[in-house]
Structures are given as structure tokens and as C-alpha cells.
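**Student:** Starting from these lines, generate the structure:
(one chain, ligands or ions: 2)
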Amino acid sequence: MKAVRLHAYHQQPVIEDVPEPQAKEPFDVVVKIGGAGVCRTDLHIIEEQWAEKSGVTLPYTIGHENAGWVHEIGPGVTNVAVGDTVILHPTPTCGLCHACRAGNDMHCENSVFPGIDSDGGMAEYLLTSARACIKLDPSTQPADVAALADAGITAYHAVRKAVPQLYPGTVCVVNGAGGLGHIGIQSLRALTAATVVVVDRNAEALELAAELGADHTVQADGKQVDAVLDLTGGNGAEVVLDFVAEQGAQQDAFAMTRRNGSHFVIGYGSNIDIPTIDIISTERNVIGNLVGTYNDLVELMVLAQAGKVTLHTKKYPLDAALDALADLDAGRVRGRAILTP
Ligand SMILES: [Zn+2]
Ligand SMILES: [Zn+2]
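**Tutor:** Numbers count the residues shown, from 1 in each chain. Ligands and ions are numbered 1, 2, ... in the order given. Now for the predicted structure:
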């Protein structure tokens, strides 16, 4: 089968033929990929940012936002059958450790992360497990929903955690209205009555944000912190969801956060430099976010199938993976780029 394989860091991946995966273990599931999302994390993988954390051995197949149809199942699999339409939680988990039993799928002690630390879904077939599969209505086109498996779940997870702080009358800033941010805006609309302020450099991204229900849009032109303070009576927002978190956006996000508010770090790439006296004297929280739980993805798919969250996509054939990565890197993708094998 064809797969998008990374052979060396700081070099473009190669599209080449590799053997198809097989369901060997009892709970193995092989999925025929219908859509694989192209993510900023793929660029960060190529830049070697994940090399040490993931410990992956090159070459390997990237792609961690996957949906498709069940192709083959191991003998212990009962929750899905061959032919089912599925979206995949990004980590096949063990189900037995403390984190799994608490529902904290991302913190499983025995999981793998296909596309990050093992072969992923920018290919014709992907090996996953029964626990990662969420069965979808058969009318669902996998390519329309694939990026909800990572971009979507990550945005939704942060919004879900912020809900108790976003009671009516509060303000939530969405910093960055790209692949994750545009799902964050729709999730906020579906789950809260907060006033949504969207900040982005790109005018088209702000137009999309307004269409999706942003109450205010702010162009990031260097004066974005002042603009947010002006919109909030000089106080800042109760919650800032920072989907960028690099190139200075992470400092802006903290500056936009109100006293006793929460700055959610969702994007990544730069360091946050905050005097500790500012953290204690204003009691502001800086909160990390790693993807989301299996149940987060189940809930998000309920919203998606009800039409309350829509993924804006730009589709590319698998052979055009390098074009999709280049377009994402150059800021030419509105919403999410999706590869279709
Ligand atoms: Zn991703
Ligand atoms: Zn586990």
C-alpha cells in the first residue's frame, strides 16, 4: 500500500509502498483510511520537535487524525464489524491502568500513538485497536470528519474543561481561528453562553470565525492585547484558549487573561515567560491540554452528526501530501487539510 513516510528529520516525507498492516492480536482492528487530517504537529514532527518525546524509529508513516472503514478485526473484537464506518481516538489504550479506568485515555500507561510514535494513517490502511474505534452513522464520509479525531477533540477537550468557568456574562478569547480554533468556536457556541472573541492575523480566518458565531473578531496586528482589554472593560477574559502558543501569541494570551482567569495552552512551539509574582498576585491559571478523552470524541461526534459542529476542509489526494503540508506551513489552508487515499 501507499504511505507517507518520514525518513529523516528536516526533510520532506516520501510517498512509497509498504506492506499492509494485519490484525494479529485479539483486539487489533485494521481500518481502510477514508480521510487523514494534516496537522501542524506533522510539521513539528518533521522539525524534530517530537523526536525525543516520542522515541520513534525512522522511517515511519505519519498521520494521527484518522477515519475510515473497518477492514479486518482480531478474534476478540465485538464492538465493530468489517465494513463499519469509524473515527479513531488517536491512542489505542490498554483499558486496565488507573488512567484508563478514570477515563483519562491520553494518560494511559500502555498506549501507543499512531502517527507520532508508530505507523500512522497517511496511508491506505492503519492498525489500531477496538478501544480506539467510534462507530459512526454509515452515511458519514470519513474524509469530512477525520480531523475531528485530533484537531477537533483537542479543541473540544479544552472547551469542555473550561465550561464551569464560562457561565453567562463571561468572555472567552479564542486565540487562533485555524484548524483547531474553528472547532473551538463552534464547541463554545454549542456548550456555553459566553461572549466569544476571536483573535487571528488572517482576515479570511476572522470572516470564517464570524460566520461560525464569534461575537467579536480582532485582527492580530500588534494591538490585539489592547483590543481584547478594550472589549472587556480593561479586565481581560475569564478564559483564553490559546490555539497558537508560539511566536509571541503565548505571551499575549496570558496578558489577555483576567484576574483569577484561566489561560489554556493548546498550541505549542515557544516558551511562556511569566513572572511568578504575576501568577500569584492575580491568581491566574496556566492549563495544559493534551488531545482529549475517548468520551470527548464521542460527544463531539454527537455535535458533528447533529450539524452543530462542522469541519471546514480542503481535500488532497494522498499523492499530494507534500502540497498539503506546504500549504499548511504557508498558511494557505482555511479549516483543515485532509488526505484521501
Ligand atoms: Zn493533529
Ligand atoms: Zn491504560
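
**Student:** Pull the contacting residues for the one residue in the stretch 1-150 of the chain that gets nearest to ligand 1.
**Tutor:** The stretch 1-150 of the chain approaches ligand 1 most closely through C39 (2.9 Å), counting by C-beta to the ion. No exception for glycine: its C-beta is placed from N, CA and C like everyone else's. C39 makes contact with 64-65, 147, 150-151, 179, 328, according to C-beta atoms under 8 Å, 6 or more residues apart in numbering.

**Student:** mind checking how far the residue nearest to the spatial centre of the chain is from R259?
**Tutor:** Centroid-nearest residue in the chain: A151, 2.0 Å away (criterion: C-alpha atoms, centre = their mean). The spacing between A151 and R259, counted by C-beta to C-beta, to the nearest Å, is 31 Å.

**Student:** Work out for me the element H263 sits within.
**Tutor:** If you go by DSSP states H and E, H263 is part of strand 257-265.

**Student:** Mind giving me the packing neighbours of that strand?
**Tutor:** Of the remaining helices and strands, those touching strand 257-265 by 3 or more C-beta pairs under 8 Å, 6 or more residues apart in numbering; DSSP states H and E are helix 151-162, strand 237-242, helix 249-255, strand 285-288.

**Student:** now do 10 Å
**Tutor:** helix 151-162, strand 171-175, helix 224-231, strand 237-242, helix 249-255, helix 276-282, strand 285-288 (3 or more C-beta pairs under 10 Å, 6 or more residues apart in numbering; DSSP states H and E).

**Student:** okay, the ones you listed in CSV with mean pLDDT and distance to R201 next?
**Tutor:** What follows is these, written out as CSV (pLDDT from 0 to 100; distance: least, C-beta to C-beta, whole Å):
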stretch, mean pLDDT, distance to R201
helix 151-162, 97, 19
strand 171-175, 98, 11
helix 224-231, 98, 9
strand 237-242, 98, 14
helix 249-255, 97, 9
helix 276-282, 97, 26
strand 285-288, 98, 23
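
**Student:** among the ones you listed, which is nearest ligand 1?
**Tutor:** Ranked by C-beta to the ion, the member of the helices and strands packed on strand 257-265 that lies closest to ligand 1 is helix 151-162, at 5.5 Å.

**Student:** quick check: angle from that closest one to strand 171-175?
**Tutor:** Using axes from the mean of the first three to the mean of the last three C-alpha atoms, to 10 degrees, the inter-axis angle of helix 151-162 relative to strand 171-175 is 150 degrees.

**Student:** So the chain: which segments form each domain?
**Tutor:** Partitioning the chain according to the TED database yields domains covering residues 2-150+291-339, 154-288.

**Student:** all helices in the stretch 51-200 of the chain, in order from the N-terminus.
**Tutor:** Assigned by DSSP state H, counting those that start in this stretch, the stretch 51-200 of the chain shows helices spanning 51-54, 98-101, 142-145, 151-162, 181-191.

**Student:** Same list, those, but as TSV with distance to V298 please.
**Tutor:** Conversion of those to TSV gives the following (distance: least, C-beta to C-beta, whole Å):
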stretch	distance to V298
helix 51-54	26
helix 98-101	15
helix 142-145	13
helix 151-162	10
helix 181-191	14
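
**Student:** Would you reformat those as a markdown table and include distance to ligand 2?
**Tutor:** What follows is the helices of the stretch 51-200 of the chain, written out as a markdown table (distance: least, C-beta to the ion, whole Å):
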| stretch | distance to ligand 2 |
| --- | --- |
| helix 51-54 | 18 |
| helix 98-101 | 3 |
| helix 142-145 | 25 |
| helix 151-162 | 17 |
| helix 181-191 | 26 |
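
**Student:** Which of these sits closest to E238?
**Tutor:** Comparing these by their distance to E238 (C-beta to C-beta), the top pick is helix 151-162, with 8.5 Å.

**Student:** Show me how far that closest one is from its chain's centre.
**Tutor:** Taking C-alpha atoms, centre = their mean, to the nearest Å, one finds helix 151-162 lying 8 Å from the centre of the chain it belongs to.
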